[in-house]
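Peer 1: this one's sequence-less:
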């Protein structure tokens, strides 16, 4: 129900869970809601937010610190976008540092 409340349809919910079953173990109150709120504060909302989660269901499993740091680096470079943020979240810390430092 939580994913549908974000605006996902049944197929998107199914794909999200199949691609990242650990999603079902995340706490809504302690993990999912705070990260979704953070992304909304960064102007990622509605269908854009749904697309981000569908593209990388593990996105909400990364730490808030990791999300905030990578967002700030992209923003400082004038390169913040939905697609790039999702893509770089999968980078190891070493790869991220090599590419952006």
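Peer 2: Happy to help now that I have it. Just so you know, these numbers come straight off a predicted model, no measurement behind them.
Peer 1: helices or strands up against the helix ranked longest in the chain?
Peer 2: Looking across the chain with DSSP state H, the single longest helix is helix 64-76. The helices and strands touching helix 64-76, judged by 3 or more C-beta pairs under 8 Å, 6 or more residues apart in numbering; DSSP states H and E, are helix 33-41, helix 82-89, helix 93-100. Just so you know, the C-beta spots here come from the backbone N, C-alpha and C atoms, and that holds for glycine as well.
Peer 1: who's in contact with the longest one?
Peer 2: Applying C-beta atoms under 8 Å, 6 or more residues apart in numbering, the contact partners of helix 33-41 are 6, 45, 49, 52, 59, 60, 64, 67, 68.
Peer 1: give me that answer again for 10 Å
Peer 2: 2, 6, 26-28, 44-46, 48-49, 52-53, 59-64, 67-68, 71, 82, 85 (C-beta atoms under 10 Å, 6 or more residues apart in numbering).
Peer 1: what residue lies at the spatial centre of this structure?
Peer 2: Central residue of the chain (C-alpha atoms, centre = their mean): residue 59, 3.3 Å from the mean position.
Peer 1: so it makes contact with residue 31?
Peer 2: No: taking C-beta atoms under 10 Å as the definition, residue 59 is not a contact partner of residue 31, at 11.4 Å.
Peer 1: who touches both of those two?
Peer 2: Joint contacts of residue 59 and residue 31 (C-beta under 10 Å, 6+ apart) are residue 23.
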